Structures are given as C-alpha cells and as structure tokens.
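Trainee: Just the structure for this:
(3 chains, ligands or ions: 4)
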Amino acid sequence: MESASISAGHAAGSHDHHGPPEANQSSRVDAQMLGMLLFIISEVMLFGAFFTAYFFTRVVNNEPWPGDGNELPVAVAGVNTAILLSSSFTMHWGLEGAKHGNRRAMRIGLLATLMLGTAFLAIQINEYVSIGFAISESAQTSIFYGLTGLHGAHVFIGLTLLFFATTRAFRGHFTEKEHRGVEIPGIYWHFVDVMWIVVYTTIYLI
Amino acid sequence: MTLAAKFKGPGWYRAALSIPLGILFGLGLTVGVRALYGYDPLFDGDAITTVALISTPLAFLVGIGCFDYWFYWAAGKPTREEDHSSHGAHTWKDYFKVNTDHKVIGIQYICTTFVFFVLGGLMAMVMRAELAAPGSQIVDPNTFNGLFSVHASLMIFLFIIPVFAGIANYVLPLMIGAPDMAFPRLNALSFWMLPTAGIMMVASFFAPGGSFATGWTAYAPLSTETPLGQTFFTIGVQFAGASSIATALNFLVTIITMRAPGMTFWRMPLLVWANFTTSLLVVIATPFIAGSQFFVLFDRALGTDFFNAAAGGDVLMYQHVFWFYSHPAVYIMMLPGFGIISEVISTHARKPVFGYRMMAFSLMAIVVLGFTVWAHHMFVSGMFSWLRVPMMITTMLIAVPTGIKIFSWIATLWKGVIHMTTPMLFALGFITMFTLGGISGIVLAVIPVDIYVSDTYFVVAHIHYVLFGGSVFTIFAGIYHWFPKMTGRMYDETLGRIHFWLSFIFFNLTFGPMHLVGVDGMPRRVADYAEEFATLNALISVSSFIFGMSFFIFLYNMISSWRHGPKAAANPWRAHTIEWQVSSPPPIFNFDEIPTVVGGPYEYGVPGAQHAIFKATEEKREPVAAE
Amino acid sequence: MAIYGLIASVIGVVAALWIDWFPPAAVQEAKDIDTLWDVLLIVSVPIFVLVMVVVIYCVRAFKARPGDMGDGEPIHGNTMLEVVWVAVPFVIVSVLAVYGWIVLDDIEAKKPDRLQVEVRGQQFIWRYEYPNPTGGKEKVKSYDLVVPTGRQVEFNINTDDVIHDFWIPAFRLKIDAVPGITTHWRATPSEKGSYDVLCAELCGLGHSTMRGSVRVVAPEEYDAWLSKTAAKAAEEG
Ligand code: HEA
Ligand code: HEA
Ligand code: CUA
Ligand SMILES: [Cu+2]
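Mentor: Ligands and ions are numbered 1, 2, ... in the order given. Now for the predicted structure:
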C-alpha cells in the first residue's frame, strides 16, 4: 500500500514542501458559489418531498385543512413573514457593505439579519406552544409541524452560518475582494426566505 | 506525540472518547426531555437509541477529525496556510485517517465498500442455505426477513452506489486534469459517513426484536410498526444519503470548474460524462428518500400520522416518495458503470467510442426519462389507475437510449483489435448480461405481465441481472482496468480470467432459473415455499455457493498482486486519457503541471493523435508515456 | 453471422415457447396474458440473440493476434446506423406498449351482474365476505374462498393492518390490500379445481405463511355452499 503514495518525479519524503499545481479555472462560476447552488437544489427537493405529503393529504385525499376545529394564526405568521422578509434586505445591505469595503455596514447588516432571524424563530416556537393542536393529532397537524419545522430547521442552519460569518466579520476578516464568506451564507439565507413564502402561502393562506 | 496530544488531535484516540460522549448525549437529551414533560418511564430504550443513533455518528465524525478545519474557520481564527498535512498517504496507516487526497479517499471507498459487499454476500449465502429446500432450514422467518433486508440495503447503499463514487474519486480528477476534487474536506467527510451508515445497518441485528425486516423498500405502515431495528435503517440511510449527495455535489463542481485547459465538455472521457449525469440524479433525487425516511422516523418516534390512514395519512404517499428516489437510484447504480465500460472497451479494443456524442446524449436522456417512470414499481399497489399506462410508456422508452449505448459499444468492438484482458471479459459479460436484465425490465414494464410477476422471483432475477450482471460486472471491469494505476502493480491475468468465467457461468446458473420459478408462481421475500419449486431452488442454492466462492479468487488476486505483483508501467494499456499519462501510482499532487488538452479522449488509430500534452515535458521532447 | 443469428433466434424462440412457464390457468382472462407473454418472448429472444451473436462474432473476428500492437480503424460513427438503432427499438417498444394497453383494457373490463366478494387481509390470514343469498344486508363471512365458474367475480380488497397483496397465481391477477382504501380486481373463473391464494407483499413475520386456497366450483355447488355457510353463520349468531 505504501507504494500508492510514492510519486515518480519527486524524491520520497520531499513532497510535503511542495503543493499542488494551481487548478485551471474552467468556468466563470466560482466553485463555492456553484456548490451552494447545487446544495440549494437538493434542499428544494427535500422540501418537495414534504410538499408531496401535503399534496397527498390535502389535494388527493381532500382532507379538511388544517383539520377539524384547528385554527392557524394567519396574522401572527404574516407579521413573522414580514420579519423574515426584511432580514433578506438587511442581509443584502450587509453584503453590499462587504463588497464596498464598508465594514460598519457589513457588521450592522449581519447583526440585524441575525437578530431578525432569531426573532422569527422565537415567534415560531411561541406559535407552536400556543397553537392548540399536537403533532400527533392527525396527518394534517403532522404535515403542518413537518413543513414549518423543516423550514425552522433551515432557519437555524442559516443562522448558524450567519453567526460564523458575523464572528469572522467582527474579527476583521472579509475585504472588498474577499467576501465569499458573507456572500454564500447570504444566498442560503435568501433561499430560506423564499422557501418561507412558499410554505406560508400553501400552509396558511390557501 | 504525548498521550494528551493524541487525545486532543484528530484521530482514533479522540474518536474513542467522543463516541461514548455521543451516546451519553443521546441518553441525557432523551431523559432530560422526558423529565421535562413528565413522561413515564423516564428511561425509554427506543427513544434513547433513536437519539443516540444520530448523535453518536456525529460525535464519531467530530472525533475522527472531519470538522476540525471548519470549526477553526467558523471560530474566525486567522487564515492559515494550507500545509497539506492531511493530504496523501505515506504509510498504510494513513488510510485509516481523515485524508483529503482524492486518491486516498478513492482507495478508502473501494476497500470499505468491498467489506460491505462481502458482508451482504454472506447474508445472501445464508438466505440461499435457508431456501435450498422447502420448510425451515437454519433461520426463523424473522431472521430471514432481516437477512434479505440488510443484504439489499448493504449492496445498494453501501456497495454499488459508493463503490462507483470511489472509483470515480480516484480517476475522475486525474482524467480531467485537476489536482484534486473541488472540496477535499467535504470529500473526506462523505467517505467517513459511509462506514457509520454501514455499521449501523449491520448492528441492527443486535437490536432487540432483530434487525430491520421490511425489505430495502421499507414500506409503511409495516416499517412504522416493527421493532427498534427499523430505526437503524431509517437513520443509516440518512447518513448514506448525505454522503452520496455531498460526493455528487463535489463531482459536479469539480467537473464544471476544474477541467484542464482545452478540456471542453465534448472532449471529456465518457466516464466523466457518466459521473456528471449520475451526480445530477443524486443531487435531485436523493432528498426524496431522505424525506420518506424522515416521515417514517417521525411516525415511529413522534407519533405523527403521515402513514396512519385512520388519521388522514396516505400510505401510498410513502411509495411515491420512495420510488421517486429509488427508480432514479437504479440509474445511479448503472450510469457510472456505463462510463467504465466505455473506457474499458475503447482502450482494450483500440478504437474510438462509436458515436461519442450520442453516448453522452443518451446518458442525459436516461436522466430525464428516469424521473418520469417511478410508478412502474407500483402497478399493483392500488395507486391511481390512470397513472399506469403513461408510466408504462415512459418506462419502455428507456430501452431506446439504453439500446443506443449497447449498440454503440458493440460497434466499437467492430473492426477493433480486441485484447481479451480481464477487464474486457467483464465488459463483454456486462453487455450481454445487462441486455438480458434490461429486456426482463421491459417485460416487467408491460402492465398485465407485471400484475402477474410483480413480487415474484422474476423480479429477483431482474434485480440481479441488472445489478450483478450489470453494475457489479462493470465494477470488476473497472477495478481490474485501473488496478495498475491505483497500486502500481499488475494483477494476475490468468486468475482474472478464471474469476470471470466462474462468475459468469455460476451467475447465470444462480439467477437464470429464478426467472422460471418466478413465473411459475413463487413469491419473493418468503422463507418457505411450496414443494413444486424445490428442485430449481436446490440448483440455485448450489450454484450460488460456487458463485460466492469465485469471489475468493478475486480477493486473492487483488491482495497478492498488490503486495507482490510485477511493477506496472505508467500506461500499460496504452490508453489516451490523462490518468494514464502520469506515473502508476500517480504523484501525490497528481501533476507537476496541469496538462493541456488538445484532442478527443479516444483517438485510437488516428496517426499522431494526442488527447493531452504536458507543455514542459513536450518542450524537453520526452516521451509522454513511458512504455 | 446473419445465418447463425437466425438459427440461434429460431432455436431460442422455440425453446422459450416450449418451456411451460405458467401454473395452470383457471380464468378466462389468463389467455390474454399468456399470449402477451408469448409475444414478448418472441420479440425479446431475437434481441438478446442479436447482441450475443454480434459480440461473439466480434470477439472471434477481431481478436488481437499475439503481439499485435496496432489500433483499430478510427471509425467515429455512422449516422445511418445510429438512426436505425434509435428507430427500430422505438417502434418495437411502442407497438408492445400499445398491445399491453389493449390487453390491460380487456382484462379489466367490467361485466354487469358480477359477483362481489369482499376480501380482508390481516396479519396473517385472508377473510372473505359474500352477498347474502337471502337478500339480507348482512354479509356472509367465511375463511374459505369459493367462487362459481362462468360469472365474473369482483374482489374488493381491504386490510385491517399493514399492506398485503391478494394474489391467485392461477387467476394471474394480484393487487395490494392498502390501509385506508379499497382496491379491486376482476376475473371470470372457468376451470374447476382448487388453487393457491398467496400474499405477495411483505407483511411481517408470517408473510410466507399467509397462504390459502380458492375453490372454483359449478354455480349450483356455489349456491349450495353459500346457503349452507349462511345458515351456519345465522345459527352461530
Ligand atoms: C441497476 C439497476 C437497474 C436497472 C438499470 C434497471 C433497469 C430497468 N428496469 Fe428495473 N429494477 C431494479 C433495478 C434496475 N432496473 C430493481 C433493484 C428492482 C426491484 C426493486 C424492488 O422492488 O426491490 C427493479 C424493478 C423493476 C420493475 C418493477 C417490478 C415489480 O416490482 O413489479 C420494473 C417494471 O417496469 C423494472 C423495469 C426496468 C426497465 C424497463 C429498465 C430499463 O432501464 C432497461 C433498459 C435496457 C434494455 C432494454 C436492454 C438494452 C437495450 C437494447 C438491446 C435495445 C433493444 C431493446 C428493446 C427494443 C426491448 N424494474
Ligand atoms: C447490488 C446488489 C446485489 C447483489 C450484488 C446481490 C447479490 C446476491 N444476491 Fe441479492 N438482492 C438485491 C441486491 C443484490 N444482491 C436486492 C436489491 C434484493 C431485494 C431485497 C428485497 O426484497 O428487499 C435482493 C434479494 C435477493 C434474494 C431474494 C430474497 C427474497 O426475496 O426472499 C436472493 C435469493 O436468492 C438473493 C441472492 C443473492 C446472491 C446469491 C447474491 C450473490 O451474488 C452474492 C455473491 C457474493 C458473495 C457470496 C460475497 C463474497 C464471497 C465470499 C466472501 C466468499 C464466501 C462464500 C461462501 C461462504 C460460499 N438476493
Ligand atoms: Cu400478508 Cu404478506
Ligand atoms: Cu424502476
């Protein structure tokens, strides 16, 4: 097995001091960016699986939604939607700041996004506590908790990523040229936002 | 290194510490939550196991060191120079560490998956022993159900899918002239999730109530009601699936952004094309099986009603979601093999692949069509009856792009200079046996026939013709073909041929008669069967034992050749693709200098044609391929 | 090569048709399905033989002589050929699909005046309910399956627990018993005798033991059996 690592050209033992050749960049898209986009595609499909469950119960089997006697707090969730939506703007603001070398704007934008996102989660958890039906009551309630919970988990992941970005922002990373660490969590955050609009529309509005 | 440093740094010492911590965490969390809500009893074995099954693998991954760099990054520490300390293997011990070198990861993948192949195969041997005669032989029905469930799950999720990822991991970056994969650390994480998933599935045999026993399809509501072992599948699949999504994403990004100069899409070897299309399938489809298993997990652990018909749940929804992944999954298990066969046939028949562009287009056609046929597994499931005929038509149309591939390979052989090496033998075995399996697939797609033969041994025969005669034969072809490149040694050709002929003959004797018993009315997934099937089943069992034994020859050949085989030249097959233009095994960073691609990958017979050149070498006028 | 291919195809087709694939058939619908199967064999065998024969021919004709280090002819493709091997399989599968569809319609055709039998699956046994011979609403319950010849029977299938699959090989038809819905299949028994009833969907521990039998009898005998069973059931209350 040792032989698997012995290279032809170099003397054994010397290869630690020498790195790989620079890879050829064969696409205009940046690798990290592309990776995030593909990841989002698979995330969309995961939501797709949950929406299939929703579709079968609500459309195919025509079950009452959200189940007999259950009420969804449309208004509160609407306010929450506004909160999450505005966090997309603060995110954009922060990223613009990073791009233009405006550290203050970047930090404030990131912090504001973090706070809005946390507020969203807190309101959602409060909603769970006071909603008056349990996850195990019926297929409808299972799907309600399933979809909103899945989305909540994504908000949590997004917040974690943003938390890292914020930490780094305050520790002096990111420059006009090098701001991928803000941009990529940002894309994820926008995805989480857009996904919420779909979830809100299907679960609460129609 | 001091002992304390050993426990602090990434590796097995730290993993040995973190695993119990993971278990404790699962225990603490469950008991804590139950205490909070005042549940009784406080200690619930099923709940604790469920949480521990998630927390322990994660703890292991942290311990072994998959996340060290990211933690460092996340904490916002100052950027540090990449020191390549976890890149490449210097001793055999390095293969047991978290490594970022795609070649090391490739070998790790291949060896690990073959371990699971042997385990899954041994389970098949026990099954065959049980089925050798009607009545009860050596295992009870519950164990039997567990055996074929774990057998299939290991073969599919821990062998076929990841071994292709392993082979591609090794050769794909070399083939496109990239120094490594796009995300080496993610690559390492993908690998380390695998053994976790596999061990979980095997360990389910030790769960109270036995292993999961609902087939690899785990249909609800059976899977929401069976004992604890099922949870091992439900969660194990999530790890295997996450691993496979991460790898696919990595392949896609590598192929799109890291090709050598001059390597246009239409100059990529077909193995690269095959993995490109497969990865698309994985990224789009795999989340669906994750979804299906989440539902099962929630129904089991949280008491949700996704599959509780009495509370508005829909049982058939499981099957739609499951097959929306698992049909594309059968192409995930086949397309990389198509890629391997294209490489092997053109190289060993010394001819350009016939209809190269059509070969790439047909891969894409299979990807697109593959998403439109899932319900052909549900013709007898009681689903919407209007959906059956459209699904029959799309399913049968897949014969067209697949036929393009089969016929193009044959046309590649035509007027070639065919070297009957072991990889070539397996490639030819694949072409013929996969055609047979594919045709039985077409037969299954015809609804009135499927209504009769669905859930019989006819389907079992189809499965093994496409998966063994198809996928596994391509894997053997690929392993033999790239063995010199991976190990720097030649395998033993005579043993290779004996391995081929024994497996080819006894493969057919094992799985061929299954068509007969199936159509004669023997259902699948039964530990016991009617007298009239006794003769053929005895024949099947005996053949399967010899078939299993033939694997020893392969194993012996691989191990002894790796240790003592004659040294391999850089390019023993005189192939044109880039992986053969570097030493065997390749240098630790693949290239001193990125090659430049100047032509197609298979220009055999075209005088002076070259696929790729190394500028510096070219200037010094040294021969590219040392023969 | 063409000659060999032809001979091999003919032998293959003859052998495939000679094999007695199916268990005995007991319903009218079986004939359609068995014929469809034969047609599929007649189409499939030559395709497989074609691939085999060309591969074997190539291996024999183009095998490298010892020491031959040359390359084959650099043929990159042939549009004509490629069009053919796209078009021909396309036509074949289209024709087969249409044929399959027609057979499907035939075997699923509903006949008026069919006998309704309720089938209930439960781990690990089948139960049946027949229309009451006295015209009452109460169904006649039994663990035996008995059906008359010459009249279409519609099975309405249900389950008490997990998914099962109601399969009578001699009738050629099967369908899952799915929690929450009722599934159906219809067949017209024609041959008297006793045949196996199987469960074809994994339903747990006793799946392989979930076997029973069906008796196909003359209509008079069926009526007599039903009255007797109904009487017995009434007696037991
Ligand atoms: C590698 C894996 C693999 C592959 C590639 C395939 C390929 C195909 N499969 Fe298979 N299949 C499985 C793995 C695979 N399958 C498994 C594991 C199951 C069982 C799951 C379970 O229940 O546990 C299954 C089950 C299965 C069923 C459901 C059976 C049932 O449960 O009732 C059906 C039905 O339509 C089917 C059809 C097909 C078809 C039409 C193809 C086609 O893609 C085949 C196309 C290829 C050819 C046709 C041959 C080459 C073509 C030519 C030479 C051209 C000329 C040919 C003609 C004109 C016909 N498969
Ligand atoms: C890639 C996939 C793959 C592979 C390679 C195999 C390989 C084999 N399979 Fe499997 N099989 C499936 C996928 C696969 N199978 C699937 C998806 C199902 C459906 C499950 C379900 O219903 O849910 C199935 C189901 C299945 C059944 C039906 C079970 C049932 O429905 O009741 C049977 C029965 O004979 C069987 C047999 C075998 C045999 C004999 C082999 C052999 O090829 C194995 C050969 C390999 C070895 C034996 C291991 C290596 C050998 C050694 C280490 C030497 C030691 C040998 C001896 C002791 C003799 N398989
Ligand atoms: Cu009931 Cu299997
Ligand atoms: Cu399929």
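Trainee: and residue B:428, how many neighbours?
Mentor: Residues lying near residue B:428 (other CB atoms under 10 Å in any protein chain shown) number 28. No exception for glycine: its C-beta is placed from N, CA and C like everyone else's.
Trainee: ah, wrong one, I meant residue A:206
Mentor: 7.
Trainee: The residue nearest to the spatial centre of chain C: what's it in contact with?
Mentor: Centre of chain C computed as the mean C-alpha position; nearest residue by CA atoms, centre = their mean is residue C:172, 4.4 Å away. Contacts for residue C:172 (CB atoms under 8 Å, 6 or more residues apart in numbering or on different chains) come out as B:451-452, C:22, C:25, C:27, C:29-30, C:33-34, C:187.
Trainee: May I see those residues arranged in JSON lines, with neighbour count, distance to ligand 1 and pLDDT as well?
Mentor: Shown next, in JSON lines, are the contacts of residue C:172 (neighbours: other CB atoms under 10 Å in any protein chain shown; distance: CB to the nearest ligand atom, whole Å; pLDDT from 0 to 100):
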{"residue": "B:451", "neighbour count": "21", "distance to ligand 1": "8", "pLDDT": "95"}
{"residue": "B:452", "neighbour count": "26", "distance to ligand 1": "10", "pLDDT": "95"}
{"residue": "C:22", "neighbour count": "17", "distance to ligand 1": "17", "pLDDT": "91"}
{"residue": "C:25", "neighbour count": "18", "distance to ligand 1": "20", "pLDDT": "92"}
{"residue": "C:27", "neighbour count": "25", "distance to ligand 1": "20", "pLDDT": "93"}
{"residue": "C:29", "neighbour count": "24", "distance to ligand 1": "18", "pLDDT": "90"}
{"residue": "C:30", "neighbour count": "24", "distance to ligand 1": "18", "pLDDT": "92"}
{"residue": "C:33", "neighbour count": "24", "distance to ligand 1": "14", "pLDDT": "93"}
{"residue": "C:34", "neighbour count": "16", "distance to ligand 1": "18", "pLDDT": "93"}
{"residue": "C:187", "neighbour count": "22", "distance to ligand 1": "19", "pLDDT": "94"}
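Trainee: residues in contact with residue B:554?
Mentor: Neighbouring residues of residue B:554 by CB under 8 Å, 6+ apart: B:476, B:499.
Trainee: ok so, going back, angles on the backbone of the residue nearest to the centre of chain C, please.
Mentor: In terms of degrees, to the nearest 10, the main-chain angles of residue C:172 are phi 70, psi -10.
Trainee: Residue C:174 now?
Mentor: phi -150, psi 150.
Trainee: Which pLDDT does the model give it?
Mentor: For residue C:174, the model assigns a pLDDT of 93.
Trainee: If it is in a bridge, with which residues?
Mentor: On the basis of DSSP bridges, residue C:174 is bridged to residue C:167.
Trainee: now swap in the one 10 residues further on and tell me
Mentor: On the basis of DSSP bridges, residue C:184 takes part in beta bridges with residue C:156.
Trainee: Thought residue C:154 was touching it, still the case?
Mentor: Yes - between residue C:184 and residue C:154 there is a contact under CB atoms under 8 Å: 6.0 Å.
Trainee: Would you map the helices across the chain?
Mentor: With no chain named, the answer covers chain A. Assignment of helices within chain A using DSSP state H yields the ranges A:31-55, A:74-99, A:103-130, A:139-170, A:180-200.
Trainee: To clarify, I was referring to chain C.
Mentor: Assigned by DSSP H, the helices in chain C fall at C:2-18, C:29-61, C:79-108, C:219-236.
Trainee: Tell me which of those lies nearest to residue B:192.
Mentor: helix C:29-61 (41.2 Å; CB to CB).
Trainee: Now that closest one: buried residues?
Mentor: Residues of helix C:29-61 classed as buried: C:29-30, C:32-34, C:36-37, C:39-41, C:43-59 (neighbour count, 16 or more other CB atoms under 10 Å in any protein chain shown).
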